[in-house]
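**Student:** Build me a structure from this.
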Amino acid sequence: MSGDTCECQVYDEISTLFNKRFLYVQEADWVLPHASEVFTQNHEEFEELQVLKGRLNKVKDLLSDKKLDDWHRHTSFTNMAGKVVSEVRKFANAELCTQAWCKLHEILCTYSIIPSDSMWNGELNTVHLCEAPGAFVSCLNHFLKTREYLCDWNWVANTLNPYHEANDGLVMIADDRLIANTLPWWFFGPDNTGDIMSLKHLTGLQNFTSNMSAVHLVTADGSFDCQGNPGEQESLVAPLHYCEVVTALTLLDQDGSFILKMFTLYEHSSVNLMYLLNCCFRHVHVIKPGTSKAGNSEVYIVCLGYLGKKVIQDILSKMTQSFGAAIANKSLFPHRSVPASFLRIHRKCCKVFFKYQEKTIRENLFLFDNMGPEGTTWVTELRDYAANYFLKRMLLKRISRKQWIVKKQPFGSNVNSRWVGVRVCRSESYNERKHLETLTWPEKVVNGYFSPWLEQHIQSILGADCILQASDAELQSAEWYIIEGQRLPRVRSSTFCDNQLLKTLNETIEGISVDPAITLSCPRCSTVTAQAVGQQVLKVSGSIHRILVCGAHSLYQFLVEGETPSAFLECPLLSRGLSVLHDGDPAHQRDFTDMVSRSLQRLQHGDSLVLPVLSCFTRLVAGMLYMLHHCFQVITFTCPTSVLAPGADAFLVCCGFSAPSDPVLVFLEQLKQRTEELASPGATQQVLQFIPMECLLDGPVPEFLWTLNAAILRSRLHERLLSLQHWEF
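**Tutor:** Reported below is the predicted structural model:
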């Protein structure tokens, strides 16, 4: 093969990669049905599209026996656009540059989404749904700066709240660098979850954006993990897409634009949404960006020229009434309301992207077993060419750091802890994952699923080398505010711990029944005694000042016998058993707040405090530690301590007390009263937060909390798994 021929092939491959597009050519009979026909029929699938779905799933089934990490490594290399992100990051100094960043930049360069500033009087207002970690926002900022749009840009974003403990930490995006530093621009809804699929959220978002003169652009980049059932990804995500569309049509002003991520378009729900969008916008495009992995089903619907709410007002009203997941039972429009001319064009669109995806999967399968040196060289050449092609075609320009949205060094929850526990990395194939779901908890132990936690025995007191030094700043209680929300059903995630460890602990709590009266011990772990902890406390406090001990009478006795000035405070919170609520239980929050409040009232200048903690997963308890951080010269912790104080796996050791200001004590009393009220049996709310997240995420507190919680999780997992008596040490 000549060099010219090879170069032509490379160009053709990359040109095709960046030109996967389809335009719906609208026809005169594409008219919305009367609102009375909306949601009147049970859903009925379109046969030809279901045939396409079946063909695609047969191709996907060929991947079922592939190990996830092996397949991911392979497809990451064969991804022709795999070098684009790193090259853009270096060349353009792009903020928060990710695949999503590059996908939006490609879309912005391909379509006239943002018209001249004169059209909107020099103002641009945008709303970004399901936006974490914020790449669309940072990309749009880069685009506006480098294309020299002279407009006043205002933006609002929504996502699942990464700090809400009821949200699944393994589903949410972990990177919160932009979110943490731009929190006033993010809307998490009246329930603080950030879940877009509730009518209250829609109403709240309308109020939140009411100061905007008009909304010119809405983007929606939502999805969730469908690895458990990849063949039904489109159906599973359909309710989310519905809510995104309703939200966009509600917020947008006339002539506005809408960018929506979808997947395959075979189901009745997708057909109806696509027909709806074609009747509401002047132009509807479908694009598979070159930087979207070619083997997945992802496409973006680009809608230009919104005709305005007047065109859809009655239908939109009925759609709003059905907001949420319930739409799965009914079809938005009856079959007879969708013209044959639309279905013909829609099928053509589906076939175009079907062929692209099928071709890529089959090529990846072939290369998985037949890569060889020539294949490696060929793929490498394609990747290099694609990166250069993207930089030139998208007319990328460099911006300075001062033009970023977050101009200073960002803070967030992605701390580099000195020890974050033992993380289990799973690499099963789809078939192996399905088999794992059938196993009982004892069977999982026998099969080695929990071996890392069973084999990591605790040989010394954890936390002795983890020191939190006093903060020089004063507590700004005037900036504190209490955030309340629905009671947590469980603590599924935390900003302050490894969420894989937390998930595993929750599974063991629900999967293994343990009598809370039984204190388990491991013959290979060190025995933590009152003497050992007492000596550690004396070593840290290093003074003759009094030590106030909460809840651990044996520790108090050891200190008294050693003639250390000490006092004791009863601790009711230690009497409860372990649950998946952890420190999110309203009763626990009431007792913990009360205990901290009573301790601060009894302490004198220079005193030390030994405070038992169940865990520090929630924002409320993390806020308490933040407050203590400003009241003591030094804070450390000891773990495990459940033998000394059943129900608490760690003690906070706080030394060198300085009394907080009166406003802080007044606020603490108000917080105590509110947690007391919300712990009553009839209450449906609870306190979620009282110190702003900007404070909780900045400085040394997040790393201290991460290390403390990792030690608690490690100890608790090890202890729980001991209850399976057939395990042999």
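
**Student:** How about the residue in the protein that sits furthest from its center?
**Tutor:** residue 563 (50.7 Å; C-alpha atoms, centre = their mean).

**Student:** burial count for the closest residue to residue 100 other than its chain neighbours?
**Tutor:** Nearest in space to residue 100, with sequence neighbours left out and distances taken as C-beta to C-beta, 6 or more residues apart in numbering, is residue 135 at 3.9 Å. Glycine gets a C-beta too; all of them are placed from N, C-alpha and C. By the criterion of other C-beta atoms under 10 Å, residue 135 has 26 neighbours.

**Student:** how close does residue 135 sit to residue 470?
**Tutor:** Separation of residue 135 from residue 470 (C-beta to C-beta, to the nearest Å) stands at 38 Å.

**Student:** returning to what we had before: which helix or strand contains the residue farthest from the centre of the chain?
**Tutor:** Assigned by DSSP states H and E, residue 563 falls within no helix or strand.

**Student:** do the same with residue 357
**Tutor:** Using DSSP H and E, the element containing residue 357 is helix 340-370.

**Student:** Check what pLDDT the residue nearest to residue 27 when sequence neighbours are not counted gets.
**Tutor:** Closest residue to residue 27 apart from its sequence neighbours, by C-beta to C-beta, 6+ apart: residue 341 at 4.8 Å. Residue 341 is assigned 97 on the pLDDT scale.

**Student:** show me the contacts for residue 341.
**Tutor:** For residue 341, the contacting residues are 27, 29, 30, by C-beta atoms under 8 Å, 6 or more residues apart in numbering.

**Student:** The first one touches residue 343, doesn't it?
**Tutor:** It stands for residue 27. No - checked against C-beta atoms under 8 Å, the pair residue 27 and residue 343 is beyond contact range at 11.4 Å.

**Student:** and those two? which has more neighbours close in?
**Tutor:** Per other C-beta under 10 Å, whichever of residue 27 and residue 343 has more neighbours is residue 343, with 16 against 13.

**Student:** ok so, going back, mind listing what's buried in the helix holding residue 357?
**Tutor:** Neighbour counts over helix 340-370 (16 or more other C-beta atoms under 10 Å) mark 342-343, 345-347, 349-350, 353-354, 356-358, 360-361, 364-365, 367 as buried.

**Student:** What is the least confident helix or strand in this protein?
**Tutor:** helix 430-436 (a mean of 61; mean pLDDT, DSSP states H and E).

**Student:** And the strands in the stretch 401-550 of the chain?
**Tutor:** For the stretch 401-550 of the chain, strands defined by DSSP state E, counting those that start in this stretch occupy the ranges 468-469, 483-486, 547-550.

**Student:** which of the ones you listed is buried the deepest?
**Tutor:** strand 547-550 (a mean of 26; mean count of other C-beta atoms under 10 Å).

**Student:** Can you give the distance of that strand from its chain's centre?
**Tutor:** 38 Å (C-alpha atoms, centre = their mean, to the nearest Å).

**Student:** then it to CSV, C-alphas only?
**Tutor:** Presented in CSV, the C-alpha positions along strand 547-550 are these (Å, rounded to 0.1, in the frame of the first residue of the first chain):
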residue,chain,number,x,y,z
ILE,A,547,-10.0,15.8,80.5
LEU,A,548,-13.7,15.4,79.9
VAL,A,549,-14.6,11.9,78.8
CYS,A,550,-17.9,11.2,77.1
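
**Student:** quick one: residue 663 and residue 478, what's the gap?
**Tutor:** Counting by C-beta to C-beta - residue 663 and residue 478 are separated by 7 Å.

**Student:** Looking at those two, which has the bigger crowd around it?
**Tutor:** Neighbours per residue (other C-beta under 10 Å) separate residue 663 from residue 478, with residue 663 holding more: 13 against 9.

**Student:** so what's residue 329 up against?
**Tutor:** Residue 329 makes contact with 42, 43, according to C-beta under 8 Å, 6+ apart.

**Student:** Apologies, that question was intended for residue 388.
**Tutor:** Listed by C-beta under 8 Å, 6+ apart, the contact set of residue 388 reads residue 87.

**Student:** tell me which element it is part of?
**Tutor:** If you go by DSSP H and E, residue 388 is part of helix 372-393.

**Student:** Can you classify the residue nearest the centre of the chain as helix, strand or coil?
**Tutor:** Centroid-nearest residue in the chain, with C-alpha atoms, centre = their mean: residue 172, separated by 1.7 Å. Secondary structure, DSSP: H, G, I helix; E, B strand; the rest coil: residue 172 is coil.

**Student:** swap in residue 214?
**Tutor:** coil.

**Student:** ditto for the one 5 residues further on
**Tutor:** Residue 219 carries the three-state label strand when classified by three-state DSSP.

**Student:** Bridged to it, which residues?
**Tutor:** Beta-bridge pairing of residue 219 under DSSP bridges involves residue 128, residue 259.

**Student:** roughly how far apart are it and residue 334?
**Tutor:** Here residue 219 is placed at a distance of 31 Å from residue 334 (C-beta to C-beta).
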